[in-house]
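Novice: Attaching a predicted model along with its sequence, questions to come.
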Amino acid sequence: MDVVEPDQQKQRNHHRVMLAIYATVVVLMFLLQVRNDQRVEFYFLPGIPFPESCFSRSLFGIDCPGCGLTRSFIYLAAGRVIESFSANRIGWLLMVAVLIQFPYRMMAIRHIDRGQEPPFVRWHTPFSAVLIVALISNWLLKTIGY
């Protein structure tokens, strides 16, 4: 019987939790719909929209860099690319990042089980930075009218 190091178990659990979170995002993309008033609701609970989730928009009346991402993901799941792009121009890029997580997290767990360092560890920070810069750049361009 193999002895599992506490650090290995912690890393493995982290990747499993992240897989569960990303799987939830993907499942929700297919269970939600965008109403005509741009609010989001479950398909099976029509007429009961989610409350506003953006504090920036509800408190200050301005969009944040992430505004429209939920709608963008829902539209992508429905194959409505133009609407997705209109909701948030970076939604497609973040969806690619979400989908990449599945093979990455499974590879990471496999490497940890073998006692190896997970692959692409040095890419976490640059990958995250690119996504953040893309979101902020898109928000700035949208704010000035582009």
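Specialist: All right, it came through fine.

Novice: from what I can see residue 42 touches residue 32, true?
Specialist: Yes - the pair residue 42 / residue 32 is scored as a contact, 6.1 Å apart, by CB atoms under 8 Å. In short, each C-beta sits where N, CA and C put it, glycine included.

Novice: Neighbour count: the two, which is higher?
Specialist: Taking neighbours as other CB atoms under 10 Å, residue 42 and residue 32 compare with residue 32 leading, 19 against 13.

Novice: residues in contact with that one?
Specialist: Residues counted as contacts of residue 32 (CB atoms under 8 Å, 6 or more residues apart in numbering) are 40-43, 70, 74.

Novice: let's see it at 10 Å
Specialist: Residue 32 makes contact with 40-43, 45, 50, 70-71, 73-74, 77-78 under the criterion CB atoms under 10 Å, 6 or more residues apart in numbering.

Novice: which parts of the lowest-mean-pLDDT helix or strand in the chain are buried?
Specialist: Lowest mean confidence among the helices and strands of the chain (mean pLDDT, DSSP states H and E): helix 55-60, at a mean of 87. Using 16 or more other CB atoms under 10 Å as the test for burial, helix 55-60 gives no buried residues.

Novice: in what helix or strand does the closest residue to residue 26 other than its chain neighbours lie?
Specialist: The shortest distance from residue 26 to any non-neighbouring residue, by CB to CB, 6 or more residues apart in numbering, is to residue 98 (6.9 Å). Per DSSP states H and E, residue 98 falls inside helix 91-113.

Novice: wait, what's in contact with the residue nearest to residue 67 when sequence neighbours are not counted?
Specialist: Using CB to CB, 6+ apart and skipping residues adjacent in sequence, the residue nearest residue 67 is residue 54, 5.4 Å away. Residue 54 makes contact with 60, 62-64, 66-70, according to CB under 10 Å, 6+ apart.
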